[in-house]
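> the amino acid sequence is not available; the structure is as follows:
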């Protein structure tokens with residue numbers, strides 16, 4: 001503690017000394033930012049600060065004393081730690097008891113692939129993923145997109161294949177999306193499946209908070225176009241997309257005649273992805289509602305309720 005205090009004082013004092021003698025604030029904005037950084041490290045790295053954010057591109061310091069992190073962060077006299085625009089009743093403290101679960105039953109994983117070819121490499125990769133997931137103790141179900149109609153083509157959610165897909169997604173805790181790359185993009189078959197999954201059904205959001213792993217296969221050199229697009233879709237569907245991903249190039253060389261994936265670094269990466277998916281799914285199990293409970297939605301709900309109450313009172 002004494003060492004930390006001494007180091008903090010030394011760094012902050014050194015920054016103040018250099019500023020006062022060598023860098024007049026009005027003449028050297030770049031030096032100002034450097035000095036702000038010195039003060040930042042002096043106060044943050046060697047003290048018990050939990051949170052700080054400074055945009056150094058807009059910092060304008062009159063003197064180092066205006067930049068005090070150990071109490072309130074101030075820039076030109078404006079305290080950045082005050083939050084006048086936050087609704088205090090809707091800003092909840094972190095509930096650590098909500099971040100623990102003892103349920104160790106098999107996680108439920110739904111897998112989608114994006115090709116209808118007889119020898120579909122995205123399907124073969126998904127089937128290999130199932131073998132790995134089951135070895136890790138997961139329960140898996142694969143959706144066959146054959147017969148799924150195009151969205152907005154005169155059918156609704158009562159269609160047999162649409163109902164099957166939605167039931168599968170509701171059943172699952174996590175998902176694997178795997179698409180070939182065709183013309184530099186995911187396939188229409190893959191996109192149609194995702195488009196049939198609604199963002200909400202009444203008050204239920206089927207994909208919100210569910211874990212997601214993304215993979216792709218390519219006929220040529222390795223590419224990441226499809227997995228990048230799948231990540232965008234995952235974010236839009238409010239999924240928790242895991243960091244790892246798999247892209248298998250020249251897929252026709254990666255599977256034997258029986259459709260089993262050959263040993264390679266690409267196979268090892270698929271194992272990595274499935275292992276990470278299972279871990280993240282267990283980590284978030286039982287916590288989906290809490291993890292996706294958003295301040296902005298709580299504020300909106302509170303405002304709507306208040307509006308309704310005022311409207312009722314006025315009538």
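Cool, the structure landed. What you are looking at is a predicted structure, and each value in this text was computed from that prediction instead of being measured.

> any chance you could map the strands in the protein?
If you assign secondary structure with DSSP state E, the strands in the chain sit at 74-75, 78-79, 108-113, 139-143, 174-180, 211-217, 240-241, 246-248.

> redo those as a markdown table? Include mean pLDDT and mean neighbour count.
(Glycine included, C-beta is placed from N, CA and C.) A markdown table is the format used below for those (pLDDT from 0 to 100; neighbours: other C-beta atoms under 10 Å):
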| stretch | mean pLDDT | mean neighbour count |
| --- | --- | --- |
| strand 74-75 | 45 | 17 |
| strand 78-79 | 48 | 10 |
| strand 108-113 | 96 | 24 |
| strand 139-143 | 96 | 17 |
| strand 174-180 | 97 | 28 |
| strand 211-217 | 96 | 28 |
| strand 240-241 | 94 | 22 |
| strand 246-248 | 93 | 23 |
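
> may I see these organised as a markdown table, with distance to residue 132 added?
What follows is these, written out as a markdown table (distance: least, C-beta to C-beta, whole Å):
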| stretch | distance to residue 132 |
| --- | --- |
| strand 74-75 | 51 |
| strand 78-79 | 52 |
| strand 108-113 | 11 |
| strand 139-143 | 10 |
| strand 174-180 | 10 |
| strand 211-217 | 11 |
| strand 240-241 | 18 |
| strand 246-248 | 11 |
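
> any low-confidence regions in the stretch 101-250 of the chain?
Applying pLDDT under 70 to the stretch 101-250 of the chain flags the ranges 101, 202-203.

> of all the strands of the chain, which lies closest to residue 304?
Taking C-beta to C-beta as the measure, those were each checked against residue 304, and strand 240-241 came out nearest at 27.1 Å.

> direction included, what does the closest one pair up with?
Strand 240-241 has the following sheet partners, assigned by DSSP bridges: strand 211-217 (parallel).

> now the angle from the strand it pairs with to strand 174-180?
Between the axes of strand 211-217 and strand 174-180, defined by axes from the mean of the first three to the mean of the last three C-alpha atoms, to 10 degrees, the angle is 20 degrees.

> OK, contacts around residue 184?
If a contact means C-beta atoms under 8 Å, 6 or more residues apart in numbering, then residue 184 has 223, 225 as its contacts.

> from residue 218, how far out is it?
For residue 184, the distance to residue 218 equals 10 Å [C-beta to C-beta, to the nearest Å].

> measure how buried residue 264 is and give me the count.
Counted by other C-beta atoms under 10 Å, the residues lying close to residue 264 total 12.

> quick check, it in contact with residue 256.
No. With contact taken as C-beta atoms under 8 Å, residue 264 and residue 256 are classed as non-touching, separated by 11.8 Å.

> indicate which one of the strands of the chain is closest to residue 300.
Proximity of the strands of the chain to residue 300 was assessed by C-beta to C-beta; the nearest stretch is strand 240-241, lying at 22.2 Å.

> show me the beta-bridge partners of residue 211.
Applying DSSP bridges to residue 211 yields these beta-bridge partners: residue 174, residue 240.

> show me the contacts for it.
Residue 211 makes contact with 173-175, 239-242, 277, 280-281, 284, according to C-beta under 8 Å, 6+ apart.

> can you get me a residue count around residue 158?
By the criterion of other C-beta under 10 Å, residue 158 has 7 neighbours.

> next: residue 201.
For residue 201, the neighbour count with other C-beta under 10 Å is 12.

> what's near enough to touch residue 141?
With contacts defined as C-beta under 8 Å, 6+ apart, the neighbours of residue 141 are 108-111, 168, 171-172.

> and it, how far from residue 199?
Taken as C-beta to C-beta, the span from residue 141 to residue 199 is 22 Å.

> my guess is residue 122 contacts residue 179. True?
Yes. Contact criterion C-beta under 8 Å: residue 122 and residue 179 qualify, at 5.9 Å.

> circling back: from the contacts of residue 141, which two are the most distant?
Taking C-beta to C-beta, the two most distant members of the contacts of residue 141 are 111 and 171; they sit 12.2 Å apart.
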